[in-house]
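> Fold the following and give me the result.
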Amino acid sequence: MKRWRKPLSIVAVIAVVGVAYFLGLSGRNGAGENTAAGLPPDPGYAARDAVVIETGYDGRERYRLNAKVIRQRIDSNVIDLESLQMDYHPGAQGEVPGEKPAKAPDPDEIWHLSSDRGEVRADGDDVQLDGNVRVTGTLPGGNDPVALETTSLRINTPTEFVETSAPVVLNWSGHRLGAKGLEADLKAGHLRLKSDVRGTFTPK
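Below you'll find the model as predicted:
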């Protein structure tokens, strides 16, 4: 009886492989293919009351996002945010590799931002804010506190570049300026209002 054990084992393995092969063929040619094609795409992760933290090249915190709801979009490598609050530290990234900083960074500089919605690219470099965007910080090139209101704003964190083509309102030191579109290079300390600039200036 012992001499039959090995041949019987080989036959059993061949039978299992044969069944698996035919099952695989039927799955590819029949309902299996339809089932695979009908599966919904991976929705990615989702969370409530979430925090997203991005660090700069020098290892310090570049920004911290607190969002009521956060969702990942697998198809576009984008993270959606709802009801967000953001603390942004433009002096914390150090320098972009190969680029000499335009001015010495201020490690204590901080901008507070909020909006109804937002998007963050998977690499964390681009942050898009939409809906009731409010920003408070220090006016580039000076020490005066400034408040900005708009409907849309994009921030590229490594270059510290902020821009929008939407209408904006700036308030600082009793002055109020409105314009259509804004560009701000926080690293160089430059701010430019694009067009339709109008405002009021209160004497000190």
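> pretty sure Gly59 belongs to a helix, no?
No - counting by DSSP: H, G, I helix; E, B strand; the rest coil, Gly59 is not found in a helix; it is coil.
> Local confidence estimate at it?
pLDDT for Gly59: 77.
> got it, and the one 5 residues further on?
For Arg64, the model assigns a pLDDT of 90.
> How many residues are close by it?
Residues near Arg64, counting by other CB atoms under 10 Å, number 14. In this view, the C-beta of every residue, glycine as well, is placed from N, C-alpha and C.
> got it, and Pro158?
Neighbours of Pro158 (other CB under 10 Å): 20.
> Please look at it and Asp125 and confirm they touch.
Yes - assessed by CB atoms under 8 Å, Pro158 is found in contact with Asp125 at 5.5 Å.
> could you measure the residue nearest to Tyr45 when sequence neighbours are not counted against Asn132, distance?
Closest residue to Tyr45 apart from its sequence neighbours, by CB to CB, 6 or more residues apart in numbering: Gln72 at 4.9 Å. As for Gln72, its distance to Asn132 is 24 Å (criterion: CB to CB, to the nearest Å).
> How about the backbone phi and psi for the residue nearest to Tyr45?
Phi and psi for Gln72, reported as degrees, to the nearest 10, are phi -100, psi 130.
> Pull up the gap between it and Val133, please.
22 Å.
> With Ile79 instead?
18 Å.
> Quick one: low-confidence residue ranges for this structure.
By pLDDT under 70, the low-scoring segments of the chain are 1-43, 93-107, 122, 140-142, 201-204.
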